[in-house]
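Asker: Need coordinates for the below:
(2 chains)
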Amino acid sequence: MLKKRIVAALVVREGIVVQSKEFKSYLPIGKPEIAVDFLNQWGIDEIIITDVSATKYNKEPNYDLVKKIASKCQVPLTVGGGISELSHIKKLMNSGADKIALNQSAIYNEDLNTKAAKIFGDQSIVVSIDSLYKSGDYKLYDYLQKKTLDISPIEFAKKMEQSGAGEILINSVERDGTYSGYDKKLIELICNAVSIPVIALGGAKNANSMIDVLLNTNVSAAAAANFFHFTEHAVNISKSIINKHIPLRIDNMANYQGHVVNEDCRLSKKDDTALEKMLYVKIEKEII
Amino acid sequence: MTSTKQKIVIVDYGVGNVYSVYNAIAFLGYKKIKISALENDMREADSIILPGVGAFEEAIKNLESKNLIPILNEEVLIRKKPILGICVGMQMLTEGSYENGWHNGLGWIHGKISKITLPPEYSVPHVGWNDIIINYDSPLFRTDQHNRHFYFDHSYHFDADEKNILATCDYGINITAAIYSNNIFGVQFHPEKSQINGLKLFRNFFNITSC
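Answerer: The predicted structure is shown next:
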């Protein structure tokens, strides 16, 4: 059975992973290779890394950075930002990317999508769509011009599927970094419009948000950025909680049985008597 | 104990995620890995990896234009070198594919590649982690694995009789996960992106060479 995926979506700005809020403010978090190493070791299912400064400064993707990240990443790595030509895609694949994400190019250079799918296969093309909910309607949002376009993200997703996209990453701009939960209505509209897999992004607060979107929409994957950075054991604990409702890929000995998790899905400290009685079991490192 | 000194060549035919494959194999400690399209490297290799991420036509066209097909035929069919095809690399081992019109493959394994057609509740491409079911005892899956999930990402699949199908997975229909014929192995999933299970599979494959 195909498992739903828990995806980390990292936003990179000028070489640094940032916390993004509503596409307006950015707080530095740290080096991308360290974030990726951490996520990989804790058993994330997939990583999407988007450089939001590349296109802005008219730069190509940062191939050296992708190489550095890829050497720490044993799960699928999707790279977006600054891709405007086929040669960029080829260089990314040679630097350790497994898939690429198109955003600006998808809007303004649709041809690239089709050409890329012909060469690299539709399965390696993710189209990343930013949607803004404004006066009762969903509109496509251009993050560079910082404005909404008179295009429906749902129609746009359909068009992208026809022109060669293999997956849709749908992000809600007004929910980005707000911990207000996913926009399930938007996500379901997108899922119903296309037959390719859809990845939900924007607004995840904790494991409960992911359970909600995975149970109540047809998404293939739930993605988050910020809360993975700021919560203890975030990937592992989230997956162990979600797995009680939706089967996930679990590849880890830690099941958090007997641990107290608070209402925010965060691990609570055990009480002192429990800590005193704690027994440590040595697990031999598996040699492959 | 396995030898990490064997010569491994990752065939660079222009559209694979070669660096990802390199990273995974290097992680296992192998020292002599080459990403190459040179005849000499194919001749000297102990084992060959045919990676994949690409459309079939582009992949096979590039193998042709780099003049690699006669060399691979000799090394694999006559000198019996172990080869592992990944994703479209696996698909190329077959008679051919209907992706963007019919294109001939290497023809080493009987069967053809066709589009995955499924009821509307299943999205295509088939993307994500799926558990595989193993049909035959094989050195490729020798290591004991309690959960056999691997990462898949494909829109086309190997659709043929069961003789050469080593493993399948369930996605509404049985999707071929692995094929084989003697020294020729192919996996539809991406071992280089399947964390521990993928690393184990690579180790098993390279141990075939060491035996």
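
Asker: just checking, A:Tyr141 touches A:Asp130?
Answerer: Yes - the pair A:Tyr141 and A:Asp130 qualifies as a contact (Cβ atoms under 8 Å) at a distance of 4.3 Å. Where C-beta positions appear, they are placed from N, C-alpha and C, glycine not excepted.

Asker: what is in contact with these two at once?
Answerer: A:23, A:173 (Cβ atoms under 8 Å, 6 or more residues apart in numbering or on different chains).

Asker: partners of the one helix or strand A:Ile129 maps to in the sheet?
Answerer: A:Ile129 belongs to strand A:125-134 when assigned by DSSP states H and E. If you go by DSSP bridges, strand A:125-134 pairs up with strand A:99-102 (parallel), strand A:137-142 (antiparallel), strand A:167-172 (parallel).

Asker: ok, A:Gln104 to chain B distance?
Answerer: Here A:Gln104 is placed at a distance of 23 Å from chain B (Cβ to the nearest Cβ, to the nearest Å).

Asker: what's the answer for A:Asp142, then?
Answerer: Distance from A:Asp142 to chain B, by Cβ to the nearest Cβ: 27 Å.

Asker: Hmm, that residue is touching A:Asn103, no?
Answerer: No - counting by Cβ under 8 Å, A:Asn103 is not a contact partner of A:Asp142; they are 9.0 Å apart.

Asker: Look at the two and report which has more neighbours.
Answerer: A:Asn103 (23 against 17; other Cβ atoms under 10 Å in any protein chain shown).

Asker: Run a quick neighbour tally on the residue nearest to the more buried one when sequence neighbours are not counted.
Answerer: What sits nearest to A:Asn103 in space, not counting adjacent residues and going by Cβ to Cβ, 6 or more residues apart in numbering or on different chains, is A:Ser128, at 4.5 Å. Number of residues near A:Ser128 (other Cβ under 10 Å) recorded here: 25.

Asker: pretty sure A:Ser128 is touching A:Thr50, no?
Answerer: Yes - between A:Ser128 and A:Thr50 a contact is recorded at 7.0 Å, counting by Cβ under 8 Å.

Asker: All the helices of the stretch 51-200 of chain A, residue numbers only.
Answerer: A:63-70, A:86-93, A:104-108, A:110-120, A:153-163, A:184-193 (DSSP state H, counting those that start in this stretch).

Asker: Model confidence for A:Gln145, exactly?
Answerer: At A:Gln145, the predicted lDDT confidence score is 93.

Asker: Which phi and psi values does it adopt?
Answerer: phi -80, psi -10 (degrees, to the nearest 10).

Asker: What of B:Asp159?
Answerer: According to degrees, to the nearest 10, B:Asp159 has phi -120, psi 100.

Asker: circling back to that earlier point, hey, C-alpha coordinates of the strand holding A:Ile129 in PDB?
Answerer: Output of strand A:125-134 as PDB, limited to C-alpha atoms (Å, rounded to 0.1, in the frame of the first residue of the first chain):
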ATOM      1  CA  ILE A 125       8.600  17.900 -12.300                       C
ATOM      2  CA  VAL A 126       6.800  19.500  -9.400                       C
ATOM      3  CA  VAL A 127       4.800  22.700 -10.000                       C
ATOM      4  CA  SER A 128       4.700  24.800  -6.900                       C
ATOM      5  CA  ILE A 129       1.600  27.000  -6.800                       C
ATOM      6  CA  ASP A 130       1.200  29.900  -4.300                       C
ATOM      7  CA  SER A 131      -2.500  30.800  -3.700                       C
ATOM      8  CA  LEU A 132      -3.800  33.800  -1.900                       C
ATOM      9  CA  TYR A 133      -7.400  33.900  -0.500                       C
ATOM     10  CA  LYS A 134      -8.700  37.400  -1.100                       C
END
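
Asker: Show me what counts as buried in it.
Answerer: Within strand A:125-134, the residues that count as buried by 16 or more other Cβ atoms under 10 Å in any protein chain shown are A:125-133.

Asker: would you turn those into TSV with pLDDT?
Answerer: Formatted as TSV, the buried residues of strand A:125-134 follow (pLDDT from 0 to 100):
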residue	pLDDT
A:Ile125	96
A:Val126	98
A:Val127	98
A:Ser128	98
A:Ile129	98
A:Asp130	98
A:Ser131	98
A:Leu132	97
A:Tyr133	96
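
Asker: Could you confirm A:Phe228 falls within a strand?
Answerer: No - assessed with DSSP: H, G, I helix; E, B strand; the rest coil, A:Phe228 is helix; it does not lie in a strand.

Asker: which residues touch the residue lying closest to it once chain neighbours are set aside?
Answerer: Of all residues not flanking A:Phe228 in the chain, A:Ala234 sits nearest, at 4.6 Å (Cβ to Cβ, 6+ apart). Counting by Cβ under 8 Å, 6+ apart, A:Ala234 touches A:42, A:227-228.

Asker: What separation is there between A:Ala234 and chain B?
Answerer: Relative to chain B, and taking Cβ to the nearest Cβ, A:Ala234 is found at 18 Å.

Asker: can you list the weak-confidence ranges in the stretch 51-200 of chain A?
Answerer: For the stretch 51-200 of chain A, no stretch is flagged by pLDDT under 70.

Asker: For the helix ranked longest in chain B, which residues meet the burial criterion?
Answerer: Counting residues, the longest helix in chain B under DSSP state H turns out to be helix B:195-210. If you call a residue buried by 16+ other Cβ under 10 Å, then helix B:195-210 has these buried ones: B:195-209.

Asker: what's the answer for stretch B:82-93, then?
Answerer: B:82-93.

Asker: Would you convert these into a markdown table that also reports distance to B:Glu58?
Answerer: Shown next, in a markdown table, are these (distance: Cβ to Cβ, whole Å):
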| residue | distance to B:Glu58 |
| --- | --- |
| B:Pro82 | 25 |
| B:Ile83 | 20 |
| B:Leu84 | 20 |
| B:Gly85 | 16 |
| B:Ile86 | 16 |
| B:Cys87 | 13 |
| B:Val88 | 9 |
| B:Gly89 | 13 |
| B:Met90 | 16 |
| B:Gln91 | 12 |
| B:Met92 | 11 |
| B:Leu93 | 17 |
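
Asker: Restricted to strands, list these.
Answerer: Counting by DSSP state E, the part of these found in strands is B:83-86.

Asker: Close to chain A as well: tell me which of those qualify.
Answerer: Taking Cβ under 8 Å from any Cβ of the partner chain as the test, chain A is in contact with none of these.

Asker: Let me know the closest of the residues you listed to A:Pro28.
Answerer: Set against A:Pro28, the nearest of these by Cβ to Cβ is B:Ile86 (37.0 Å).

Asker: and which of the buried residues of stretch B:82-93 is nearest A:Asp111?
Answerer: Distance to A:Asp111, by Cβ to Cβ, is smallest for B:Val88 among the buried residues of stretch B:82-93, at 22.7 Å.

Asker: from the contacts of A:Ala234, which single one is nearest B:Ile69?
Answerer: A:Trp42 (42.8 Å).

Asker: Provide a list of residues in contact with that closest one.
Answerer: A:233-236, A:252.

Asker: Of the residues you listed, which is the most crowded?
Answerer: A:Ala234 (24 neighbours).

Asker: any idea how far that one is from A:Val36?
Answerer: Distance of A:Ala234 to A:Val36, computed by Cβ to Cβ, to the nearest Å: 14 Å.

Asker: again with A:Lys99
Answerer: In terms of Cβ to Cβ, A:Lys99 sits 15 Å off from A:Val36.

Asker: Can you tell me the closest non-neighbouring residue to A:Glu161?
Answerer: Spatial nearest neighbour of A:Glu161, excluding adjacent residues (Cβ to Cβ, 6+ apart): A:Val194 at 4.6 Å.

Asker: which residues sit in contact with that neighbour?
Answerer: A:157-158, A:161, A:168, B:123.
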